[in-house]
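> Coordinates only, no sequence provided:
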């Protein structure tokens, strides 16, 4: 699960940016990750100072991060600073 590997949660803007890096629509991400479209829209609209777990279920965030990671996208950092990178194919 997501929290077992990371010590931070991406902000709504970072989730929106990650989706843009992959060139996917909200509908594609919601369907691919198995979360509700409304949950993705809510997550992406959270302001930077809003902690996602206060507004979304842990399982929703975890599924979305796992979906992005399945597309070779990785989040690095801590709660102060998170970088997003697409890894090269092996």
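Looks like it came in fine. Bear in mind that the values here come from a model prediction, so they are computed numbers and not experimental data.
> Which stretches in the chain count as helices?
Along the chain, counting by DSSP state H, helices occupy 2-5, 12-22, 26-33, 37-45, 58-70.
> In TSV: those, plus mean neighbour count and mean pLDDT.
Backbone N, C-alpha and C define where each C-beta goes, glycine included. TSV is the format used below for the helices of the chain (neighbours: other C-beta atoms under 10 Å; pLDDT from 0 to 100):
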stretch	mean neighbour count	mean pLDDT
helix 2-5	11	46
helix 12-22	18	91
helix 26-33	16	97
helix 37-45	17	93
helix 58-70	18	89
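> So which of those helices is nearest residue 84?
helix 12-22 (5.3 Å; C-beta to C-beta).
> helices or strands up against the closest one?
Contact here means 3 or more C-beta pairs under 8 Å, 6 or more residues apart in numbering; DSSP states H and E; on that basis helix 12-22 packs against helix 26-33, helix 37-45, helix 58-70, strand 73-77, strand 82-86.
> what separates it from the chain centre, distance-wise?
Relative to its chain's centre, helix 12-22 lies at 7 Å (C-alpha atoms, centre = their mean, to the nearest Å).
> on that earlier part again, the helices and strands packed on helix 12-22: which one's closest to residue 9?
The closest of the helices and strands packed on helix 12-22 to residue 9 is helix 58-70. By C-beta to C-beta, the value is 6.2 Å.
> For that closest one, enumerate the helices and strands it packs against.
Using 3+ C-beta pairs under 8 Å, 6+ apart: helix 58-70 touches helix 2-5, helix 12-22, helix 26-33, helix 37-45.
> what does the longest one contact?
In this case it means helix 12-22. 10, 25-26, 29, 40, 43-48, 50, 52, 64, 68, 71, 73, 75, 82, 84, 86 (C-beta atoms under 8 Å, 6 or more residues apart in numbering).
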